[in-house]
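A.B. asks: here's my sequence, what's the structure:
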Amino acid sequence: MLYPEALAVDRHTATVGSRRDLRNRLVAGAVVALAGVFMVYLLAVRTRWGQDFENAALVGARDHRTGSWYGDADRWLNRLTAESFGVSLVVIAVVGLLRRRLLLALCGVLTAAGTVVAARFLKGALPSRPVFGAGTAGAGQGAHTALAKGAADVAAHAAGAAAAGAHAVAAGVTAAAGHAAATVHAVHTAHAALAPGQAPNTLPSGHAAAAMGLLVGALIVVSRRWYVPVVALALPGAAFAGVATVAADWHRVSDTIAADLLALAVGLLGLAAVSQLGLVRPGPSVGQSSLSQRLLYAVVLSIATAALAVGAAYFVRYHGAVSEGVRADAAYWSAQAIALGAAVTAAGVMLAVCRNLESVGHRPPRGLTIQAP
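C.D. replies: Numbering: from 1, shown residues only. Alright, predicted model coming up:
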């Protein structure tokens, strides 16, 4: 044989060409998800009809403050603290270390923490919210409380991530969270000097970004056979975080959708990085999934489809309603259903990507890596 080294390439060794192709596909997916964040911002924040719908949903949320659903949503969001976020990061890191996947553990932790930092950055970097007409001015000013609460919570999440993640995995989380905390004062200063026709930007939601970022980070770290229990435990919390921000009048629905898309983009970028290192490669075909995994995929798809269908039905009712009370109520339930559907869809896309990949224990040896023809 002329090239005996090529025959020594084992199943853990991906060619340079295959790694490049996988990386490019993951980066392209991340770009699409990030473009979705800006598309949501343009449609929901920079248009009159988008603001009218979300302001009506806020009015509907305030009308339901006396119900138990509002109290349950508020209590759930208050449980998403810096401490719980830091503990979750430690769990992700420990799972990766137990699997002897150090770089995957680092990728999972940085994905979760990076989603929070990116949410903080976008919230301060995106232009302030224009106020279209006097009727929406009150809704825009009423959202300032949600912004202040969200900014403090996101900074706390990032700080907690730094404290816990540094002990568990790497000091990179510390620097990222420090950057997020350092921008809080500047953002509040900028919002304090808003023009009369502007309101603070609240997109994306920090709570929704933290919850979805943890789920995405966990999917990166765990092995395929653990997808079912991880999704069964983490997806309800991540999805409910998005719904709760709308139900508790903390955020608009566009804020939660943008947070879900942002978490997906950061997760795909993380996978692209480790795929370039040869730590993940295309795995077994979907047809080789276990029965429990197939049922999981079917349930996730069904929930996402049903939630978006319900949201669309209430959206149609919102447009056809004549009474302001009916319009607000329809927008309120439509926003919650859309928030649920968006969260489950983002998680389903990340799950679909991860189930087609397989992690390896070590980087492929350079001497055994061959160029694709």
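
A.B. asks: tell me the contacts of Val353?
C.D. replies: Neighbour list for Val353: Leu26, Gly29, Leu268, Leu271 [criterion: Cβ atoms under 8 Å, 6 or more residues apart in numbering]. From N, CA and C alone the C-beta is placed, and that goes for glycine too.

A.B. asks: and it, how close does it get to Thr66?
C.D. replies: From Val353 across to Thr66, the span is 42 Å (Cβ to Cβ, to the nearest Å).

A.B. asks: export the contacts of Val353 to CSV and tack on distance to Ile303, neighbour count and pLDDT?
C.D. replies: What follows is the contacts of Val353, written out as CSV (distance: Cβ to Cβ, whole Å; neighbours: other Cβ atoms under 10 Å; pLDDT from 0 to 100):
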residue, distance to Ile303, neighbour count, pLDDT
Leu26, 25, 23, 94
Gly29, 22, 20, 95
Leu268, 22, 26, 96
Leu271, 24, 30, 93
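
A.B. asks: among those, which one lies nearest to Gly217?
C.D. replies: Leu271 (10.9 Å; Cβ to Cβ).

A.B. asks: which element is encountered next along the chain beyond whatever helix or strand the closest one lives in?
C.D. replies: Using DSSP states H and E, Leu271 sits within helix 253-276. Remark: after helix 253-276, the chain's next helix or strand is strand 280-282, criterion DSSP H and E.

A.B. asks: just checking, what packs against that next one?
C.D. replies: If you count contacts as 3 or more Cβ pairs under 8 Å, 6 or more residues apart in numbering; DSSP states H and E, strand 280-282 packs onto helix 16-45, helix 253-276, strand 357-359.

A.B. asks: now do the helices in the stretch 201-350 of the chain.
C.D. replies: Here the stretch 201-350 of the chain has its helices, by DSSP state H, counting those that start in this stretch, at 206-221, 227-247, 253-276, 291-320, 324-355.

A.B. asks: could you report the pLDDT at Thr174?
C.D. replies: If you check Thr174, the pLDDT there is 40.

A.B. asks: do Ala148 as well
C.D. replies: pLDDT for Ala148: 44.

A.B. asks: pretty sure Ala119 sits against Thr202.
C.D. replies: No - in this structure Ala119 lies outside contact range of Thr202 using Cβ atoms under 8 Å: 10.8 Å.

A.B. asks: comparing these two, which residue is more hemmed in?
C.D. replies: Comparing Ala119 with Thr202 by other Cβ atoms under 10 Å, the one with more neighbours is Ala119, at 32 against 28.

A.B. asks: could you measure from the more buried one over to Ala208?
C.D. replies: From Ala119 across to Ala208, the span is 8 Å (Cβ to Cβ).

A.B. asks: can you list residues touching both of the two?
C.D. replies: In contact with both Ala119 and Ala208: Ala259, using Cβ under 8 Å, 6+ apart.

A.B. asks: quick one: low-confidence parts of this structure?
C.D. replies: For the chain, the stretches with pLDDT under 70 are 1-17, 133-197, 283-288, 361-373.

A.B. asks: swap in 50 and give it another go.
C.D. replies: By pLDDT under 50, the low-scoring segments of the chain are 1-14, 134-192, 367-373.

A.B. asks: tell me which of the helices of the stretch 201-350 of the chain sits most buried.
C.D. replies: Burial of these is given as mean neighbour count (mean count of other Cβ atoms under 10 Å); helix 206-221 ranks first at a mean of 31.

A.B. asks: so what does that helix touch, helix or strand wise?
C.D. replies: So helix 206-221, by 3+ Cβ pairs under 8 Å, 6+ apart, packs with helix 82-98, helix 102-125, helix 137-168, helix 227-247, helix 253-276, helix 324-355.

A.B. asks: and the ones you listed: which comes nearest Val37?
C.D. replies: Between the helices and strands packed on helix 206-221, helix 253-276 lies closest to Val37; by Cβ to Cβ that is 4.8 Å.
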